[in-house]
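>>> Sequence first, then the predicted structure, then my questions.
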Amino acid sequence: MPPDLAADATGATDERFKTVLDRLITMSQRDYYDPYTLFDWPESLPEDAWWMSPELLTLHNTEYGKTLTEKQLRAVSRWESLNFYSLNVHGIRELLTEMIARIHTDEFALPSEYFHHVIGEENEHMWFFAKFCLNYGRIYPNRAMAFAGPGIPEADHFLVFSRLLIFEEIVDVFNQKMGVDDRLHPTIQQVNQVHHQDESRHIAFGRQAVALLHARLRDTLGQGELAELERYLKQYMRSSVDSMVSPAVYRDAGLPEPYQVRRAVLADPAHEDYTRTVLRRSVSFMVNEKIFSDDRIPPACPN
Amino acid sequence: MPELTNEPTTATNTVGIAFIVDYLLTKRPDLDSIDPDLDLIESRVLDSLGFVNFLYALEEHTGREISLDQVSPEDFRTVNRIAARFLHDVAND
């Protein structure tokens, strides 16, 4: 039988992990709400308003962005926010698929009780993100295709939970700012606030799980394989950030030559600032846990 | 939906194959050439993390958005398959 996620090499249960799980379950029960009745969904949202904090736009501080009027930037904010919620819908699909594949298996016996809460909450998040998109625009199609990973089968669980954690940490950077940004419509603020509250628990779990899984891998993998995992996750971070830079968004916002705009944004030094802002917390966690040997993320690839 | 073929023959495909090979070679400067039947996924010329950039390059080249709901990784297995699947559509518009 494979070892339980919460057991160390001797088979002893990691008491800290168990304590965290118990605390998260208590918090999930305490904070439970009915998303289907919680939100006010106005018939429409003002199209010429900010839909996303302007500092979080992919065009922020870029040379191309500086050539646009505020009206154009507000239009970009509308479609970019819809792309952001769409990325959430697709990311949650992956999260649910992977978690359901592991719940009540031997290796995940201990966290399975908490998985029920995460699965329930993520299903509800997917519902309100999708509803927002369908009410006020559209769900942008998924642009990700799953091919083979780094080819280290022992690291499968670690990579899955790392990808999910990175995804949740990135999203939370946006939620935290937009949840309290008075320039945004109350419904937009509320969606971001509610998501942030639930995600803080999911991130706490993800950090524990990723740290435990990597500690186990350090006992079994060689330095070359550990370095390959680091390379893969850093590239995953880069791809995740760059997925916000969408030609379809620029086209819907009325910008000409949307593929050229994407290349210009990715090549702009301001995009590296954007990357640092979005990834700061997750990179810091990875370095502190010695999963990353440094905080350098590969540069964007404009072509 | 057009059927996949392994032998693209149109002028559009010939140009398209050159475009695809040139693009992939810029991503893999360690390679001198890419056989149109090379398994791009097995050889890791194409991977999940570099896929989106390639997708956008292909969309810009063909002038059409590609819906991933209607394609599978197999459609990206070789240069010939990519050309047959995506440039075949263009040739028959």
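The structure has been received and is ready for your questions.

>>> Now A:Pro298. Its backbone dihedrals?
Main-chain dihedrals, A:Pro298, degrees, to the nearest 10: phi -60, psi 150.

>>> Could you verify my assumption that it touches A:Tyr236?
No. Contact criterion CB atoms under 8 Å: A:Pro298 and A:Tyr236 do not qualify, at 10.3 Å. C-beta: built from backbone N, CA, C; applies to glycine.

>>> more neighbours, the two?
Per other CB atoms under 10 Å in any protein chain shown, whichever of A:Pro298 and A:Tyr236 has more neighbours is A:Tyr236, with 18 against 12.

>>> Check the gap between the more buried one and chain B for me.
To chain B, A:Tyr236 is 6 Å away according to CB to the nearest CB, to the nearest Å.

>>> do the same with A:Leu57
Going from A:Leu57 to chain B by CB to the nearest CB gives 19 Å.

>>> Count the residues that sit near that residue.
Neighbours around A:Leu57, by other CB under 10 Å: 24.

>>> ok, now the one 4 residues further on?
The burial metric for A:Asn61, expressed as a neighbour count using other CB under 10 Å, is 14.

>>> Now it: closest residue in space that isn't a chain neighbour?
Once flanking residues are discounted, A:Asn61 sits nearest to A:Ala270: 4.0 Å by CB to CB, 6 or more residues apart in numbering or on different chains.

>>> does that neighbour belong to a helix or a strand, and which?
Secondary structure from DSSP states H and E places A:Ala270 in helix A:269-288.

>>> Flag every buried residue along that helix.
By 16 or more other CB atoms under 10 Å in any protein chain shown, the buried positions in helix A:269-288 come out as A:Ala270, A:His271, A:Tyr274, A:Thr275, A:Val278, A:Leu279, A:Ser282, A:Val283, A:Phe285, A:Met286.

>>> now stretch A:230-238
For stretch A:230-238, the neighbour count (16+ other CB under 10 Å) marks A:Glu230, A:Tyr232, A:Leu233, A:Lys234, A:Gln235, A:Tyr236, A:Met237, A:Arg238 as buried.

>>> swap in stretch A:43-58?
Buried, per 16+ other CB under 10 Å, within stretch A:43-58: A:Leu45, A:Trp50, A:Trp51, A:Met52, A:Ser53, A:Pro54, A:Leu56, A:Leu57, A:Thr58.

>>> what's in contact with that stretch?
The contact list for stretch A:43-58 (CB atoms under 8 Å, 6 or more residues apart in numbering or on different chains) reads A:60, A:65, A:71, A:73-78, A:80-82, A:84, A:136, A:174, A:177-178, A:181, A:183-185, A:187-188, A:244-245, A:265, A:271, A:274.

>>> one more time with 6 Å
Stretch A:43-58 is touched from outside by A:74, A:77-78, A:80-81, A:136, A:174, A:177-178, A:181, A:183-185, A:244-245, A:265, with contacts defined as CB atoms under 6 Å, 6 or more residues apart in numbering or on different chains.

>>> go on, stretch A:155-171?
Counting by CB under 6 Å, 6+ apart, A:91, A:95, A:98, A:149, A:199, A:202-203, A:206, A:209-210, A:213-214, A:217, A:229, A:233, A:236-237, A:240, A:278, A:281-282 sit against stretch A:155-171.

>>> does any bit of the helix ranked longest in chain B sit next to chain A?
As assigned by DSSP state H, the longest helix anywhere in chain B is helix B:11-27. No. Using CB under 6 Å from any CB of the partner chain, we find that helix B:11-27 stays clear of chain A, coming within 6.9 Å at best.

>>> Show me what that helix is packed up against.
Packing partners of helix B:11-27 (3 or more CB pairs under 6 Å, 6 or more residues apart in numbering or on different chains; DSSP states H and E): helix B:79-82.

>>> Which elements pack onto the helix it packs on?
In terms of contacts (3+ CB pairs under 6 Å, 6+ apart), helix B:79-82 is packed against helix B:11-27.

>>> Contacts made by stretch A:294-303 with the rest, please.
Contacts to stretch A:294-303, defined as CB under 6 Å, 6+ apart, come from residues A:Lys234, A:Gln235, A:Met237, A:Arg238, A:Asp242, A:Arg263, A:Leu266, A:Ala267, A:His271, A:Val283, A:Val287, B:Asn53.
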